[in-house]
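Asks: this one's structure only:
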């Protein structure tokens, strides 16, 4: 079954050309004795015109039939600017019906009329939509570029097992019962972390893998039970080497897909500075409006609310938006206050507006003239500027203002949607306190290297131990995380001790991995890049299902194949398991 | 931690160059006050020489320590022809011990001294062996080439789910219990077959994926529970289009990895001819010695054994080996006879030898002179030629002689190990009789297209219905199998009926897939190429574990991570399953 070109590739310059096309009927219209059919293939859509003599042959043809058409390219009387092929049409001379189609349960040429569940059930039809096809092609391109760039840099793709050993964070593992060894299980990997570190110990030096990962968690809107990671690990490098590798990778991807030139090196900001300036460890740098700590201006204040806050070790922090005072009425400001009260447990949100050279607003009255002047000077306030203030403990103030910063920037259209702002966040804390477990736990994972100058604080002051973990943030999204790993057995044992793990327990959990450290482990580190997130940004979508060929719902159901599903008792018997707790349905 | 070049890249031309190297100590020798260390990295091994002043610094250094060395490249007094860097050595000027190592439990520089189980337990050390590292690099290269070639041809890589629906051949599925829907299960896919057909229905036109597949079977030596397939599917093509795609792919892979030029188009032989000529559907074409059916020469024979065989509908078939009579003594021929008797249920193996212009051997006496002359003439026998004969039913004769053909070719060294002979085997039977199920079953799978001229035999003569399934065979190995698929719903239903599957059952098993056929399914077909098998051939190894980074044993155990392993009761409770049949151990 031959064709001479893709439907979407024909242009005015092809006028007079004899072509053979194949495709799906996207739309048909009758106009008197003429029939017009929009014929769709992966490359796009072209209008095919059947004159009086040909119309008879397509009289039964309906949407989604597959046709093979021979004809001649002709200029259209009136161009259709919505189609890339809009300047031409193809005058049909022969037509073959390749296959018929029943009426499709979803509308393929319009993506607004059917609910997503129906589209997921008929995913194979939904995938005929050009926008989804192009997303799949984009995803393919991103992977091709990633592999090419990494290959050129001497990285080798190694496939690591999907039938793996259950890991310490076992509750999130998908388990696979063993038929041969009843009562034992494999686990699907949450990431190839341990395997890629073993590959470094094995002397592979530079590894990558576009790797399938699995996490059994209650899904959020942007998660899927399985996802893909551009997984990279290298030996003998440090942050500089790893960052340079990722920067080159991103430069190539953004240049070759969305034709955007990234800067040579991305900004780096330590975690603590990020929190202080943006109230977030994934700040969107496409706009400014950083958090300003004004506490020092109020150190002698008599305004009781601020006074109490400072006396209790809190801060008085503010966001400043130029020329925005008139955008927020009293009602609008109340909404913002609700937002920080409910979302971030802030006690209140104060505001000041600069109006005709003077400050008005909720705290204009109780503040002294000197204090108000100090605020005007510090922030460089001009008429119609808006200042939002939280007086609270530092954590709440930063979190609340950080979220407010993003919300208001969106509301005011401060974000330049045409740019991509990358940022390395470095020096993450090594530990975080787990209320649940009543102990320090590893913030990243327990194989993360500790900053050398903080090693002696491991036991005396774990809260202030920084790690060599880092994130790459793009336009406010966490695109990857990674770290330099521990390669020294002694340090590894100390870190386990610091998180309350005895060597005995550590050995039980990942003994074979600890063993491996004894035989000449190179310094190493790496990253795992979220492929879906990256493609989502490039495709300009917030829905992860737009970049996954066969996704599940948010509640982990595949509506198309109706899985997970029940299986025969015989299969369970072979595996030596039985169902103890049947789903109520 | 910088280095200026890979250890294995240094050559005589680098004499005098200042270099910084990093690597593992592969071997150390003391010679008087000098110390010689073979330093290994992924690129290879180089000898580093520590003179009197430097030797002290490496006095405690042992095998598998990691060193960073600065020094100058010097010509060796006597070259070591075994090393690519053998003409030079590096005179150490500075050395840093990057990490220490305990004595390794396996010998890394010699692959003969430890049993495979120990090597698998310490896989991360075994992978330091240059031969395994090179195999991983080869595998990476094959995948890079495959992706490049397919991308250039307009194929798009699409990732299909690993958490999938359990398939009809469910007994071989690995199951994954669902935490959210207790009592229901995902299955790991045996191949992306259904998904890739759905992608054709979705209009992707040309799909590929280097896809992980899973099969829970009792392992043979060349199988692993998970394996990888270069999976390809395309719409609107036929055998010619698909074969051309695969041929171009193979040509690029063989040229760029082992520098071997394959012919432009591979030979095609229908299945029935293959069996007749080679007694196998995966014949090794690197040598001739095809099976000769001599039945017609004996149609009037009075030799009772042959007479009975022909009267019972059997055949008298032979293999002819030139100049091989003296290679097989009576004892040797007895062994061959045992081989076909035990392995293939042949009643006997007769032989003839050409000696001084006359036929001798086990059936020389009972045959008439005319019959013997006819054999001499038919086979063109010359002195010292050997003829092996099986008189039996055709299936046994073909199978026995087919296996004998390979065995003797190996014993006599008839196989040119330097060539790669590809062969398309086409027109496989659509059905095979299952004694177990007492019905016809699909030989390939039930979605395989039927040869058009055989459609009307579906019910009247299923045994002689040919399918549009094909295999690609390389040097006697099945490298891929594939088929043109059914794209017509009516035909699909007929095939189900022919294998005794009611539409009701068919719908229950793959209803969503059958549904999809109703909405405009393009003609399509494809292949799945066994990646491990391909890399094994290129690497020249018979052991699949040589081309898999983290393999299991033949009994599906990962000796390194000791998995599958037991898990906490709490994990099982969450999944709503319990163990009914604990492994005795």
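Replies: Everything's here; your move. No experiment lies behind these values; they were computed from the predicted model shown.

Asks: tell me how far stretch A:392-410 is from the chain's mean position?
Replies: 21 Å (C-alpha atoms, centre = their mean, to the nearest Å).

Asks: now the strands: where do they sit in the stretch 151-300 of chain A?
Replies: For the stretch 151-300 of chain A, the strands identified by DSSP state E, counting those that start in this stretch occupy A:156-157, A:174-177, A:185-188, A:206-214, A:226-235, A:267-270, A:292-293, in order along the chain.

Asks: got a markdown table for those, with distance to chain B and mean pLDDT too?
Replies: To be clear about C-beta, it is placed using only N, CA and C from the backbone, and glycine gets the same treatment. Compiled in a markdown table, the strands of the stretch 151-300 of chain A are given as follows (distance: least, C-beta to the nearest C-beta, whole Å; pLDDT from 0 to 100):
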| stretch | distance to chain B | mean pLDDT |
| --- | --- | --- |
| strand A:156-157 | 5 | 98 |
| strand A:174-177 | 5 | 95 |
| strand A:185-188 | 5 | 96 |
| strand A:206-214 | 6 | 97 |
| strand A:226-235 | 6 | 98 |
| strand A:267-270 | 20 | 98 |
| strand A:292-293 | 39 | 97 |
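
Asks: mind putting the ones you listed into TSV with distance to residue B:511?
Replies: Below are those laid out as TSV (distance: least, C-beta to C-beta, whole Å):
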stretch	distance to residue B:511
strand A:156-157	37
strand A:174-177	25
strand A:185-188	27
strand A:206-214	27
strand A:226-235	23
strand A:267-270	53
strand A:292-293	62
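
Asks: worst-scoring helix or strand of chain A, pLDDT-wise?
Replies: Between all helices and strands in chain A, the lowest mean by mean pLDDT, DSSP states H and E belongs to helix A:503-516, at a mean of 84.

Asks: the helix or strand following it vs strand A:226-235, what angle?
Replies: As assigned by DSSP states H and E, the chain's next helix or strand after helix A:503-516 is strand A:524-530. Direction vectors for strand A:524-530 and strand A:226-235, defined by axes from the mean of the first three to the mean of the last three C-alpha atoms, to 10 degrees, enclose an angle of 160 degrees.

Asks: the helix or strand just after strand A:524-530 and chain B, are they touching?
Replies: Proceeding C-terminally, strand A:524-530 gives way to helix A:531-539 as the next helix or strand, assigned by DSSP H and E. No - using C-beta under 8 Å from any C-beta of the partner chain, helix A:531-539 never reaches chain B; the gap is at least 8.9 Å.

Asks: which strands and helices sit next to helix A:531-539?
Replies: In this structure, helix A:531-539 makes packing contacts with helix A:130-152, strand A:226-235, helix A:239-258, strand A:477-484, judged by 3 or more C-beta pairs under 8 Å, 6 or more residues apart in numbering or on different chains; DSSP states H and E.

Asks: what comes up buried for the helix or strand hosting residue A:37?
Replies: Counting by DSSP H and E, the element that carries residue A:37 is strand A:34-41. Neighbour counts using 16 or more other C-beta atoms under 10 Å in any protein chain shown place A:35, A:37-41 of strand A:34-41 among the buried residues.

Asks: who does it pair up with?
Replies: strand A:18-31 (antiparallel), strand A:44-50 (antiparallel) (DSSP bridges).

Asks: let me see the mean pLDDT of it.
Replies: Regarding strand A:34-41, the rounded mean pLDDT is 97.

Asks: quick one: that strand to chain centroid distance?
Replies: Mean-position distance between strand A:34-41 and its chain equals 38 Å (C-alpha atoms, centre = their mean).

Asks: for chain B, what is the nearest residue in the stretch 401-550 of chain A?
Replies: With C-beta to the nearest C-beta, the shortest gap between the stretch 401-550 of chain A and chain B falls at residue A:520, namely 3.6 Å.

Asks: can you pull the residues of the stretch 401-550 of chain A lying near chain B?
Replies: With C-beta under 8 Å from any C-beta as the criterion, the stretch 401-550 of chain A comes near chain B at residues A:487-488, A:512, A:516, A:518-523, A:548-550.

Asks: what's the span of stretch A:461-477, first residue to last?
Replies: Taking C-alpha to C-alpha, to the nearest Å, the span from the opening residue of stretch A:461-477 to its closing residue is 31 Å.

Asks: list the buried residues in it.
Replies: Taking 16+ other C-beta under 10 Å as the criterion, stretch A:461-477 shows A:462, A:465-476 as buried.

Asks: could you report the separation of the closest residue to residue A:199 other than its chain neighbours from residue A:525?
Replies: With C-beta to C-beta, 6 or more residues apart in numbering or on different chains as the criterion, residue A:199 has its nearest non-adjacent residue at 4.8 Å, and that residue is residue A:207. Spatial separation of residue A:207 from residue A:525 under the definition C-beta to C-beta, to the nearest Å is 12 Å.
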